[in-house]
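J.: Okay, predicted coordinates and the sequence, questions at the end:
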Amino acid sequence: MTMTDFHIDAKNKRFGRLISEVAQILQGKKSAKYDPRLPGEDRVILRNYRDLYVTGEKADQRIYYRHTGYVGHVKAISFKDAFAKDPRKVIRESVRRMLPKNWIAAKRLKNLIFEDNG
């Protein structure tokens with residue numbers, strides 16, 4: 001089994017376009033040996049992921065919700081704040097939501113690697 005590495009420079013790229021491209025690569029759809037029941041052999045190495053951007057008012061209008069487990073404790077954070085806090089978490093969660101919802105998604109998500117430049 002040979003693993004293919006896709007090195008992607010995310011500098012000045014749109015968030016959604018990049019995320020959908022990464023999701024396709026992780027599913028193995030860019031490979032000649034694509035099989036939907038297998039995790040795929042392709043890895044994505046993402047550089048300059050802090051330099052992504054979104055268009056329009058999405059940075060302020062897109063809200064991420066989570067629940068603490070207690071009654072009335074719904075937490076909300078905007079895309080801009082969440083991305084400033086931890087861009088890797090936002091990117092990984094967005095890619096996870098674009099992958100098929102099955103047992104193999106976790107294995108595919110492990111092939112997403114963030115490369116820091118210093």
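T.: Arrived safely.
J.: From what I see, residue 3 and residue 44 are in contact.
T.: No. Contact criterion CB atoms under 8 Å: residue 3 and residue 44 do not qualify, at 11.3 Å. Just so you know, the C-beta spots here come from the backbone N, C-alpha and C atoms, and that holds for glycine as well.
J.: and the closest residue to residue 74 other than its chain neighbours, how many neighbours?
T.: Ranked by CB to CB, 6 or more residues apart in numbering and with sequence neighbours excluded, the top spatial neighbour of residue 74 is residue 67, at 5.4 Å. For residue 67, the number of neighbouring residues by other CB atoms under 10 Å comes to 10.
J.: Name the spans of this protein whose pLDDT lies under the cut-off.
T.: Residues of the chain meeting the criterion pLDDT under 70: 1-2, 118.
J.: which other helices and strands contact the helix or strand where residue 16 lies?
T.: Element membership for residue 16, per DSSP states H and E: helix 15-27. If you count contacts as 3 or more CB pairs under 8 Å, 6 or more residues apart in numbering; DSSP states H and E, helix 15-27 packs onto strand 4-9, strand 42-47, helix 87-98, helix 105-109.
J.: Which helix or strand lies directly C-terminal to the last one?
T.: Scanning forward in sequence from helix 105-109 by DSSP H and E, the next helix or strand is strand 112-115.
J.: mind checking how far the residue sitting furthest away from the middle of the chain is from residue 80?
T.: What lies farthest from the middle of the chain is residue 71; by CA atoms, centre = their mean that is 30.2 Å. Counting by CB to CB, to the nearest Å, the gap between residue 71 and residue 80 amounts to 29 Å.
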